[in-house]
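Chemist: here is my input, please return the structure:
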Amino acid sequence: MKKTWHSILLPILVILTGGILLVAISWLVYLGITLAVEALFYAENPTALPQDTIRILSTLLLCLLYFFFLKFKTPELVKATLLVGPLSTVLITLILRNYLRIDLVLISLFVVSAVVVLILIRQKKAWFYFVATGYSLLLAVLYAWPTH
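Modeler: Predicted structure coming up:
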């Protein structure tokens with residue numbers, strides 16, 4: 001089957017648009033959880049809120065939801081697009097967790113990205129999964145990279 005320009009461009013546009021929406025939704029859910037926990041348990045001292053714990057737990061929940069969703073019969077492009085949300089969140093969590101150690105940030109981003117790519121290669125996934133992986137890395141770096 002010969003690929004035309006729209007058979008390449010359309011999946012990229014779907015991943016870029018859907019991916020940024022999923023990251024935004026993920027962030028809003030995380031914000032909602034943070035605000036609820038703060039209001040319920042840390043109203044007197046909001047600085048005592050265990051932000052890392054909430055971030056890690058919400059990331060794990062998002063990953064579990066993604067793996068649950070993979071059980072359904074869904075088009076591959078949708079599955080690749082949905083990968084952007086949890087993968088970006090995992091990468092953002094790694095960056096924020098190791099914010100002051102750039103060496104650890106770089107190593108963890110490389111390891112996680114390499115593992116994902118190896119899994120995609122082993123499972124012989126379509127090319128747009130790799131676009132979703134690269135886009136997840138880009139979004140995570142743009143969002144959470146240390147500025148000082």
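Chemist: only C-alpha atoms for contact and neighbour calcs from this point on.
Modeler: OK.
Chemist: check what pLDDT residue 95 gets.
Modeler: Looking at residue 95, its pLDDT stands at 94.
Chemist: verify the stated contact: it with residue 145.
Modeler: Yes. Contact criterion CA atoms under 8 Å: residue 95 and residue 145 qualify, at 6.7 Å.
Chemist: the two: who's more crowded?
Modeler: Neighbour tally, residue 95 and residue 145, criterion other CA atoms under 10 Å: the higher count belongs to residue 95, 24 against 15.
Chemist: got a list of what that one touches?
Modeler: The contact partners of residue 95, taken as CA atoms under 8 Å, 6 or more residues apart in numbering, are 105, 109, 140-141, 144-145.
Chemist: wait, which of these is closest to residue 42?
Modeler: Checking the contacts of residue 95 against residue 42 with CA to CA, the nearest one is residue 144 at 24.9 Å.
Chemist: OK, contacts around that closest one?
Modeler: 92, 95-96.
Chemist: switch to 10 Å and redo it
Modeler: Residue 144 makes contact with 91-96, 99, according to CA atoms under 10 Å, 6 or more residues apart in numbering.
Chemist: over to residue 105?
Modeler: By CA under 10 Å, 6+ apart, the residues touching residue 105 are 91-92, 94-99, 111, 145-146.
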